[in-house]
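[1] Here is the input, now give the coordinates:
(4 chains)
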Protein chains: 2
Amino acid sequence: MRYRRVPDETVRRMPLYLRGVRILSEKGQGSICSKSLADCLGISAWQIRKDFSYFGDFGKPGVGYDVAMLESRINKILNLGCGHNVVLVGAGNLGSAILSFNGFRQYGFNIIAAFDRDAKKIGKKKGPVVIEDVSRIARMEKKGVDLGIIAVPVSAAQEIADALTAIGVKGILNFAPVRISVPKKVKIVSIDIAVELARLPYYMVSSQSQGVVE
Amino acid sequence: MRYRRVPDETVRRMPLYLRGVRILSEKGQGSICSKSLADCLGISAWQIRKDFSYFGDFGKPGVGYDVAMLESRINKILNLGCGHNVVLVGAGNLGSAILSFNGFRQYGFNIIAAFDRDAKKIGKKKGPVVIEDVSRIARMEKKGVDLGIIAVPVSAAQEIADALTAIGVKGILNFAPVRISVPKKVKIVSIDIAVELARLPYYMVSSQSQGVVE
DNA sequence: GTATGTGAAGAGGTTCACAGCA
DNA sequence: TGCTGTGAACCTCTTCACATAC
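    Here you go, the predicted structure:
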């Protein structure tokens, strides 16, 4: 095992492996091989072994991977498991859905506060929290908030990103369809739902998949 | 301009360019250069010109791109603009948010029906449609449905994907955190919100970004 | 025999440098 | 001069083949 930079694509796949390990774990398997994880996720077995190899030895040749060990190892690599406090900004349709979503818990995320600008929403309980006014984001500074989720309209996204950065958030999951600028130390992952949907029709026309022919 | 396969990454970025063109268009610019689009989206100008080059000549050297032409050109490449009928399955928190979301319209998508398994939801109007029982998906067969959105729990996702495939859907946007299998002619784009959030903590620990050192 | 871990080869994508046109 | 379009160089990531360990 030599020094080696971990590809971004590998980091992107690691949480997926965690998902797969848990699916196979629930089926009662104590040990799995790269092939079964590959089948479960639709990723090649080579790819999985290569990805794991960036972080050291995970399995036993001829046997496979111990499920419990694999899960805790990936959790540690991804810096999950210890638990992370998350705040959400924007309690509209999408924000409300996120507050009611319990899929974050299995990765150790706790949404500890939610904010909105709309006075009509302030004070209402949604999911695990009561909606507060956005002006109160600054009060979260000493609460150990690691991550923020932006689910506000485009026009407010940058301002909210600035407010989240100010309270020391290290990562932002952004649903607003706009580029937001933050200091380099803050990592942004953006999900633009409409843009994702918008690339599907391209593949409906087979001739286009080969581009231009002179 | 020679024959050339269009990279998947290019296709992924094309809808983003459309988003950028519209932002700049609203600012009243009739003509834009690759640099201004690059600044707007956080992508390099070279990358943009290269991506466009796969589809032929878009702009005028020394001048830039005509905004209206660029928009209609990208629309045509992506097979958007002509309008696509979409059905949504799963009217829970996320599904409801999607039904209330109007960001799809600017890409020419119309959600023409929504389905759920929960009897309590059937018959209720949400956004532009009335929720129907999932058993009625089959009736959409001759309605010209191009795309489907899956917002159901993991346990139902594959079954719904099969039902959508059966009515002739050509593409699926899947929010269920599970791999689903469909015929090759059906294109799937998956968004796993928890998995996206789960890779953020990795970047909070700077030492990990270099992997293992022997 | 079976499955991992990894150097090397091969694809795929990005960046560069510059030719060509307005 | 300014900006596009593109071959070539460069880099990253994926796939392969096989040595190694159980």
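[2] got the domain boundaries for chain A?
    If you go by automatic domain parsing, the domain ranges for chain A are A:8-77, A:84-197.
[3] near DNA strand C, which residues of chain A show up?
    A:1-2, A:33-35, A:45-46, A:49-50, A:52-53, A:57-65 (C-beta under 7 Å from any atom of the strand). Just so you know, the C-beta spots here come from the backbone N, C-alpha and C atoms, and that holds for glycine as well.
[4] ok, and for stretch A:78-88, which residues are buried?
    Using 16 or more other C-beta atoms under 10 Å in any protein chain shown as the test for burial, stretch A:78-88 gives A:Leu78, A:Asn79, A:Leu80, A:His84, A:Asn85, A:Val86, A:Val87, A:Leu88.
[5] related to what we said a few turns ago, could you identify which of the domains of chain A is most buried?
    Of all the domains of chain A, domain A:84-197 has the most neighbours on average by mean count of other C-beta atoms under 10 Å in any protein chain shown, namely a mean of 18.
[6] what's the offset of it from the middle of its chain?
    Centroid separation for domain A:84-197 versus its chain: 13 Å, with C-alpha atoms, centre = their mean, to the nearest Å.
[7] Kindly check the end-to-end length of stretch A:90-107 for me.
    From its first residue to its last, stretch A:90-107 covers 22 Å (C-alpha to C-alpha, to the nearest Å).
[8] That one near chain B anywhere?
    Yes - applying C-beta under 8 Å from any C-beta of the partner chain, one finds stretch A:90-107 touching chain B at A:Gly92, A:Asn93, A:Leu94, A:Ser96, A:Ala97, A:Ile98, A:Ser100, A:Phe101, A:Gly103, A:Phe104, A:Gln106, A:Tyr107.
[9] what's the most distant pair in those?
    Greatest spatial distance among the residues of stretch A:90-107 next to chain B (C-beta to C-beta): A:Gly92 and A:Gln106, at 25.1 Å.
[10] now the helices for chain A?
    With DSSP state H as the criterion, chain A has helices at A:8-26, A:34-41, A:45-53, A:67-77, A:93-100, A:154-166, A:193-198, A:200-204.
[11] mean confidence for the fifth one?
    By that I understand helix A:93-100. For helix A:93-100, the mean pLDDT works out to 97.
[12] The last one now?
    When the per-residue pLDDT values of helix A:200-204 are averaged, the result is 96.
[13] what's the longest strand anywhere in chain A packed up against?
    For chain A, the longest strand by residue count, based on DSSP state E, is strand A:109-116. Counting by 3 or more C-beta pairs under 8 Å, 6 or more residues apart in numbering or on different chains; DSSP states H and E, the packing neighbours recorded for strand A:109-116 are strand A:84-89, helix A:93-100, strand A:129-133, strand A:145-150, helix B:193-198.
[14] 10 Å instead?
    If you count contacts as 3 or more C-beta pairs under 10 Å, 6 or more residues apart in numbering or on different chains; DSSP states H and E, strand A:109-116 packs onto strand A:84-89, helix A:93-100, strand A:125-126, strand A:129-133, strand A:145-150, helix A:154-166, helix B:193-198.
[15] Can you name every helix or strand that the second one contacts?
    Counting contacts by 3+ C-beta pairs under 10 Å, 6+ apart, helix A:93-100 is packed against strand A:84-89, strand A:109-116, strand A:125-126, strand A:129-133, strand A:145-150, helix B:93-100, helix B:193-198.
[16] and with 7 Å instead?
    In this structure, helix A:93-100 makes packing contacts with strand A:84-89, strand A:109-116, helix B:93-100, judged by 3 or more C-beta pairs under 7 Å, 6 or more residues apart in numbering or on different chains; DSSP states H and E.
[17] Quick one: residues contacting the nearest residue to A:Gln158 once chain neighbours are set aside.
    Computed as C-beta to C-beta, 6 or more residues apart in numbering or on different chains, the closest residue to A:Gln158 that is not its neighbour in sequence is A:Ile180, at 5.2 Å. Contacts for A:Ile180 (C-beta atoms under 7 Å, 6 or more residues apart in numbering or on different chains) come out as A:Ala157, A:Gln158, A:Ala161, A:Asn174, A:Ile188.
[18] In the residues you listed, find the pair that's most separated.
    Within the contacts of A:Ile180, A:Gln158 and A:Ile188 form the most distant pair, 11.6 Å apart (C-beta to C-beta).
[19] returning to that earlier point: looking at the helices of chain A, spot the one closest to B:Thr165.
    If you check each of the helices of chain A against B:Thr165 by C-beta to C-beta, helix A:200-204 wins as the nearest, at 13.8 Å.
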